[in-house]
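Chemist: okay, structure incoming, though there's no sequence with it:
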């Protein structure tokens, strides 16, 4: 059974983003993404020009899912991190709290060792943010933010959009 979709408030997004920015800065990474297992981007930062974030997020989630299948075939319960080395850029992918995926893209300005170190150092903080998100009651801030957004839309706005 798949986990329900995460509903992230603006405040929660800001906390995740601040952590990703710290990872990127400390690891000299090109870009850092946080993705849910369904392939939806939670937050991202870095050199995003020329990157399709939707495709990157969904393909990364698919990669993690496929790797879980490989792990089962070889008798492992899971592989918690993946590394893909390219000519110009490399990827480090790791699971955060069994619900999220941390993707770090880096080039020659960094190294796998530094990226792994920073991912390992920041994972507990990301897990703490995830736990806070998961324990928040469903009718608390997220639904209030949504209500606030829709309450400000008038019939004139809708007519202008579709008129």
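Modeler: The structure has been received and is ready for your questions. What you see is a predicted model, and the numbers here were worked out from it, not measured in a lab.
Chemist: now do whatever helix or strand residue 131 lives in: distance to the chain's middle.
Modeler: Assigning secondary structure by DSSP states H and E places residue 131 in helix 112-135. Chain-centre distance of helix 112-135: 11 Å, with CA atoms, centre = their mean, to the nearest Å.
Chemist: and if you look at stretch 28-38?
Modeler: Between the centre of stretch 28-38 and the centre of its chain there are 5 Å (CA atoms, centre = their mean).
Chemist: buried residues in it?
Modeler: 29-37 (16 or more other CB atoms under 10 Å). (Glycine included, C-beta is placed from N, CA and C.)
Chemist: ok, stretch 44-64 next?
Modeler: Of the residues in stretch 44-64, those buried (16+ other CB under 10 Å) are 44-46, 56-58, 60-61, 63-64.
Chemist: which residues are contacting that stretch?
Modeler: Contacts with stretch 44-64, where a contact means CB atoms under 8 Å, 6 or more residues apart in numbering, come from 17, 20-21, 24, 29-41, 82, 91, 93, 95, 101, 103, 105.
Chemist: among those, name the ones in strands.
Modeler: Judged by DSSP state E, the subset of the contacts of stretch 44-64 located in strands is 31-36, 41, 82, 91, 93, 95, 101, 103, 105.
Chemist: in CSV: these, plus pLDDT and distance to residue 117.
Modeler: Formatted as CSV, these follow (pLDDT from 0 to 100; distance: CB to CB, whole Å):
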residue, pLDDT, distance to residue 117
31, 95, 18
32, 97, 14
33, 96, 19
34, 96, 18
35, 95, 21
36, 93, 25
41, 93, 24
82, 92, 16
91, 95, 16
93, 96, 16
95, 94, 17
101, 95, 19
103, 97, 16
105, 96, 16
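Chemist: before we move on, the earlier item: which two in the buried residues of stretch 28-38 are spaced the farthest apart?
Modeler: With CB to CB as the measure, no two of the buried residues of stretch 28-38 lie farther apart than 30 and 37, at 23.3 Å.
Chemist: kindly provide the distance from the residue nearest the centre of the chain to residue 74.
Modeler: By CA atoms, centre = their mean, the mean C-alpha position of the chain lies nearest to residue 34, the distance being 1.4 Å. Distance of residue 34 to residue 74, given as CB to CB, to the nearest Å: 28 Å.
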